[in-house]
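*Asks:* quick one: sequence plus predicted model below, questions after.
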Amino acid sequence: MSITINIKSQNVDRDVVIPIEWKDITVKYWGELSTIIKKHYADAKQQDEKEESQKHELLKKDVLSDIVNNVELTDSQTLKMNSDIFSYITGLSKEETSSVDVASINKVLELINKLTEEYKPKGTRSFEFEGETYYFPLEFLRKSTYGDFIESTQLDMYIKDMENGRFDVLPQQMAILCRRLGEEYDDDAIEAKSEKFKALTMDIIWEFSFFLTLQTEKLVKLTPSFLEKQQQVQEL
């Protein structure tokens, strides 16, 4: 579901469509929006650290207070971030945004703020995309599938080097692991499939993310048990 609102900027009226549900947002869109937000918090943290380093030793935070690592934006920093978010969502330039009335900006931000609520997984195991059905991998312990699973999780190491972090990795992980009935793994097709999957909506992305996390946790729990049994066999 999306909502269309009218925004007046520089004496020009325009209708802007605002997504308010995960199914209305692609992973590419959310990744770029998340990057904007992350940048403002990173800048705020850097500023805090700079100010902290300039304090006299006796005025610096003690060890106990230093365990609170959450970064809080100042009012000024929040306004700048909200301006960038509004510009991205509406497609308006910063100059155009500066002439939009405050009520319109608040309305857009209130709508998009609904998306910050925690996603509740529905247990989806397949999804429709471009007229075809793709399935989540349910049997990781099969030799070929397990190898693909390992390859997909290796991508997590490169998250910090990617522009939109996790949201750049997930489409590629899905390209490796999610397949149509009868579809075989094809390494040469992964790049094109990954690019195509950037158009997947966030409701599907979240379902896959929860699924992948659950399967990873299962495998991690099984590993110590397997190693323990292996050790017992060797000692016989």
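*Replies:* Arrived safely, thanks for sending. Numbering: from 1, shown residues only.
*Asks:* show me where pLDDT drops low in this protein?
*Replies:* The chain contains residues with pLDDT under 70 at 1, 10, 48-71, 116, 139-146, 149-150, 154-165, 219-236.
*Asks:* quick one, strands of it?
*Replies:* With DSSP state E as the criterion, the chain has strands at 2-9, 12-19, 126-129, 132-135.
*Asks:* can you put the ones you listed in CSV and add distance to Phe86?
*Replies:* No exception for glycine: its C-beta is placed from N, CA and C like everyone else's. Output for these, formatted as CSV (distance: least, C-beta to C-beta, whole Å):
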stretch, distance to Phe86
strand 2-9, 9
strand 12-19, 10
strand 126-129, 30
strand 132-135, 34
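*Asks:* indicate which one of these is closest to Glu117.
*Replies:* The closest of the strands of the chain to Glu117 is strand 12-19. By C-beta to C-beta, the value is 13.9 Å.
*Asks:* hmm, who's touching the closest one?
*Replies:* 2-8, 25, 29, 89-91, 108, 111-112, 115 (C-beta atoms under 8 Å, 6 or more residues apart in numbering).
*Asks:* in PyMOL, select just the buried ones from those residues.
*Replies:* Per 16 or more other C-beta atoms under 10 Å, the buried members of those correspond to this PyMOL selection:
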select buried, resi 7+25+29+89+90+108+111+112+115
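*Asks:* next, find the distance separating Asp24 from Ser126.
*Replies:* Separation of Asp24 from Ser126 (C-beta to C-beta, to the nearest Å): 20 Å.
*Asks:* the more surrounded of those two?
*Replies:* Comparing Asp24 with Ser126 by other C-beta atoms under 10 Å, the one with more neighbours is Asp24, at 17 against 14.
*Asks:* mind checking the end-to-end distance for stretch 125-136?
*Replies:* This stretch, stretch 125-136, spans 5 Å end to end (C-alpha to C-alpha, to the nearest Å).
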